[in-house]
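>>> kindly generate the corresponding structure for this input.
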Amino acid sequence: MLLEKKIWWLISGLCTAGVGIALLSQHAFDMQPCAWCVFQRLLYLILAVIAAIAALSQGLIARVVCTMLSLSLTIAGVLAAWFQANVASQSFSCAQTLADLLMTQTGLETSMPALFGIYASCMDARVKLFGLEYAYWSLLLFALLGLLVAFIIKGFRASSRQKA
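Residues are numbered from 1 along each chain as shown. Next comes the predicted model:
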């Protein structure tokens, strides 16, 4: 249980750090985000909150629900990052894509522009960091988070076998 809590806090911290690095890149180094970039920020922030809830939770049902939500979010994040890198970044506009519609129709873009403002097209947002596009860095982070969640699931299975 203690190791599980540490992993949940690690997941929450990594998500928060990922968004922090994105914001630093945007506001300090003028790397403007596209719709898919800010959509992934939203996924990271939701995942950070769910991971913190799981870390604080004592109940098994709440932790299992958080685990399943977290696994779903990491899969969605991998798919979003892959789509950004391989499809959206090849087009001149991200307008009317799922990410664009979600961010604009929910009002997140206008209510929190410093965090969720869309300031570039996906093609313009193709920026490399250490030779690798940002979208791939995000994909790798979501994959790592998914592996951490899988490790928690493995722990659930091991503890249920011990009780049986």
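>>> what about the strands in the protein?
Applying DSSP state E to the chain gives strands spanning 128-129, 132-133.
>>> mind listing residues that contact the helix or strand bottoming out on mean pLDDT in the chain?
The helix or strand of the chain with the lowest confidence, counting by mean pLDDT, DSSP states H and E, is strand 128-129 at a mean of 82. The contact list for strand 128-129 (Cβ atoms under 8 Å, 6 or more residues apart in numbering) reads 25, 134, 137. C-beta: built from backbone N, CA, C; applies to glycine.
>>> again, 10 Å this time
Residues from elsewhere that reach strand 128-129 (Cβ atoms under 10 Å, 6 or more residues apart in numbering): 21, 25, 29, 31, 134, 136-137.
>>> average pLDDT for stretch 48-68?
For stretch 48-68, mean pLDDT rounds to 96.
>>> which of the contacts of strand 128-129 are buried? Put it as a ChimeraX command.
Of the contacts of strand 128-129, the buried ones go into a single ChimeraX selection, burial set by 16 or more other Cβ atoms under 10 Å:
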select :25,31,134,136,137
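>>> which of the contacts of strand 128-129 sit farthest apart?
Farthest pair in the contacts of strand 128-129 (Cβ to Cβ) is 29 and 136. Separation: 18.0 Å.
>>> which residues are in contact with residue 74?
Going by Cβ under 10 Å, 6+ apart, residue 74 touches 11, 15, 43, 47, 141-150.
>>> for those residues, work out which two are farthest apart.
Pairwise distances across those (Cβ to Cβ) peak at 17.4 Å, for the pair 43 and 150.
>>> looking at the two, which is more packed in?
Between residue 43 and residue 150, residue 43 has the larger neighbour count (other Cβ atoms under 10 Å), namely 23 against 13.
>>> re the thing from before, quick one: closest of the strands of the chain to residue 120.
So among the strands of the chain, strand 132-133 is nearest, using Cβ to Cβ, at 13.5 Å.
>>> the closest one pairs with which strands?
Here strand 132-133 has these sheet partners by DSSP bridges: strand 128-129 (antiparallel).
>>> hang on, the earlier thing: of the contacts of residue 74, buried ones?
The buried subset of those (16+ other Cβ under 10 Å) comprises 11, 15, 43, 47, 141-142, 145-146, 148-149.
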